[in-house]
Each structure stands twice: as C-alpha cells, then as structure tokens.
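S.K.: this one's structure only:
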C-alpha cells in the first residue's frame, strides 16, 4: 500500500525510507553543523503573509514569463548534484515532470544523466555550470549545452572549494577511499532493495554523466567525486564570468549571490539574472539565509535584472513569501529530489501540482489574483534582518 503524501515533509520521509543512507544524506544534508540549512527554512517560514478578505479572488493567474519563457507558475527546479541517482535515469524523469508542469528544470554539472541523455527525452532544460580548473572541460560543457539548445546557463559562483559536509563523511560517501568506501555504500544500497533493483542494477552506470568523457564511463563513482573536488577553482574572479559571457550567447544567470555588491558586479559583468542563494546551506555554514539576503539585493539591483531566489522553500506559501519580498521567481532543490527518490517522475509531477495548489490558495487568502513584484516591504525587511519574525509581514501588492 502506498502511504499518503500530504506535503513536502512527507516526500522527505518517503525518500529517507527508499534511498540508501549515503545518497539520502547527500541530498538532505548541509555543511558543518547545518546552521545555515536550518536558518533558510526557519527564516523563510517566519515571514507572515498579510491576510486580506473580500477581494474577489475567483480567478487567480499564476502565469509569468522569465527570460522569454512562459511559465505556468514562477517556480524552477534548481540544479541538484547526484539527484539523478535517486531514481532510474532520474534527471530525465525530473525534466519530463517539469516540462509537463510548464516550469523549467535545471540540470547540474554533476548530474547522473548527461546533457545529451536529458536532451533526447524531448524535455527542454536549463544547464548549470561550475568554475573548473580545467577550462577545456568548461568550454566543452558550455558548447554541449548550446548544442542541446538549453536556453539558460546558470553559472554557480559560490563554490571556490567545497564546504565540509559531516554527513557525507559519516555515511561513507566521502572520506572512505577505495574498497572500504565501496563496501560501505554497497551495504547501504542492499539495505534498500527497491532502490538497489531500480537504480543500482537497472540504472547503471552510476556515474556523473557529463564527465564520462573525461574520467571514463567505467570509473567508479568515487573517481568522479575525487576529480570534481580537485577541479573546483579557488582562483575564480569576475573575469571568469566575462569569459563565460563571451562564450555563451544565450541567457546567463549567476547563482550563489548573497551580497548586494556581488549582485551588482554580476550584472555589470553581463549576467541576465541572478539567484540569491547560499547553496542550500551546503557551503558556508553561518551565512545569512537567502530570504534575509534578498531584500537588500532587490534594493540594489531591482529593476535592472531578473532576480530569483532559493533556499528553504517547502511550500507554495514560501514561494509567495519570496515573491512578496521582491523575487521574480523561486527555485526548489531538495523538495524535487525527495519527490524523485520517493515516487520517481510521478512524485515530481505531484509535488509540482501540490506547490501550485498551495500557491493559489496563499494568493487567494492574501487577496491577490495576479503576480506582481513587490519592492516596498521595509517593515518586513527590517524584521528579517533583525530576526524578529513578528515584524515580518509580506503584504501582497494587488
């Protein structure tokens, strides 16, 4: 019997029961003691919405257009590394679900499925790029994304070196080299026979699809992760963004910005949009939450570029909170990966339908019928920065 799913938290628990520990903890966890991961969720959920009544909300329009792409709602599936291992050829399933729902899916550089494999599914998608020491590999990834007709390149800039993730060490995903690490992961996989049969047996090869040409299709997963860790470039500067901008002719979005000065620098260097993000709490533990960083960035560059935000979105209400504080759209990461791990493509489709319904309800109860960007929440902004939830009122603009 399939257990009922009511919200995002239910998908998380279902994914925990189905996925091997090393994979669940990789998707679920953050860096160090995970303070920023928890802060993302707590700060966003602490922003009350201003309930309004008698406003005729019989017809609610969630549609929007971002970077020339019409969307059924202002939501995107953010890039999540290794998420494709949560189900057989998982990124293909997630891309199809997003396309069916009318929202974008962004494929990670460190995806299980390659750019070409996702492209053959017929679902359009965005592509995410890291700064790598191997500029040849970067150039190849950019060219492959262009050949696959990806309309948007999401350039992640907050990873000059990976943050330490204690959960990954404890689970054996990292820190256990050679056969010992392989044996630990095998034991965890065998403890989840449903996943082992679906993905471990029939979903092979279990590699990072976009890097197979560099490392070799038959190399173990640990070799891929090791190569990647050695190739993040700590010497990256805004000149590298200019290099990407010169090579990529499509829409360019910079992800991983928390400071207004960095947001302005990204726009000055040619970005068509930014994502206010702390990498889901997976990098600098102790960084401010994305929702706290959002209002000052909107003040600085609002109107000059498209502003997206991620970090802590667990409901349709959270999407409205980000929109009410100035974002043009929201991104989700862990929720879609949990849904994929729990129920595959069907799970992601149902998750998106759930979030859409929650967003519609939130709009109705706040008296809003259309999505309008909000720039004047001075009381809410001050409250967020002072961590005073009672003062954080996100009032919809009608």
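M.R.: Now that the structure is in, tell me what you want to look at. On a predicted model such as this, the values are computed, not experimentally measured, just so you know.

S.K.: Give me the distance between residue 231 and residue 50.
M.R.: Distance of residue 231 to residue 50, given as Cβ to Cβ, to the nearest Å: 47 Å. All C-beta atoms are positioned from the backbone trio N, CA, C, and that covers glycine.

S.K.: so how far is stretch 199-211 from its chain's centroid?
M.R.: Taking Cα atoms, centre = their mean, to the nearest Å, one finds stretch 199-211 lying 21 Å from the centre of the chain it belongs to.

S.K.: Give me the three-state assignment for the residue located most distally from the centre of the chain.
M.R.: For the chain, the largest distance from the centre (Cα atoms, centre = their mean) belongs to residue 54, which lies 36.1 Å off. Three-state call for residue 54 (DSSP: H, G, I helix; E, B strand; the rest coil): coil.

S.K.: now it: how far from residue 367?
M.R.: Taken as Cβ to Cβ, the span from residue 54 to residue 367 is 8 Å.

S.K.: One more: residue 128?
M.R.: According to Cβ to Cβ, residue 128 stands 36 Å off from residue 367.

S.K.: between those two, who's got more neighbours?
M.R.: residue 128 (26 against 17; other Cβ atoms under 10 Å).

S.K.: Verify the contact between that one and residue 77 for me.
M.R.: No - using Cβ atoms under 8 Å, residue 128 is not in contact with residue 77; the gap is 10.9 Å.

S.K.: Need the residues touching each of the two.
M.R.: residue 106 (Cβ atoms under 8 Å, 6 or more residues apart in numbering).

S.K.: Which residues does the helix or strand encompassing residue 17 contact?
M.R.: Assigned by DSSP states H and E, residue 17 belongs to helix 8-18. Helix 8-18 is contacted from outside by 3-5, 24, 27-28, 86, 192, 194-195, 314-315, 334-335, 337-343, 347, 351, 354, using Cβ under 8 Å, 6+ apart.

S.K.: do that again at 10 Å, thanks
M.R.: The contact list for helix 8-18 (Cβ atoms under 10 Å, 6 or more residues apart in numbering) reads 2-5, 23-25, 27-28, 86-87, 192-195, 198-199, 313-316, 318, 332, 334-343, 347-348, 350-351, 354-355, 358.

S.K.: filter those residues to the buried ones?
M.R.: Buried subset of these (neighbour count, 16 or more other Cβ atoms under 10 Å): 5, 23-25, 27-28, 86-87, 192, 195, 198-199, 313-316, 318, 332, 334-343, 347-348, 350-351, 354-355, 358.

S.K.: Among the residues you listed, which lie within helices?
M.R.: 23-25, 27-28, 195, 316, 318, 334-343, 347-348, 350-351, 354-355, 358 (DSSP state H).

S.K.: Okay, the spatially most central residue of the chain and residue 14: tell me how far apart.
M.R.: The centroid of the chain falls nearest to residue 78 when counting by Cα atoms, centre = their mean (2.7 Å). To residue 14, residue 78 is 20 Å away according to Cβ to Cβ.

S.K.: cool, and residue 123?
M.R.: Remark: distance between residue 123 and residue 14 (Cβ to Cβ) = 24 Å.
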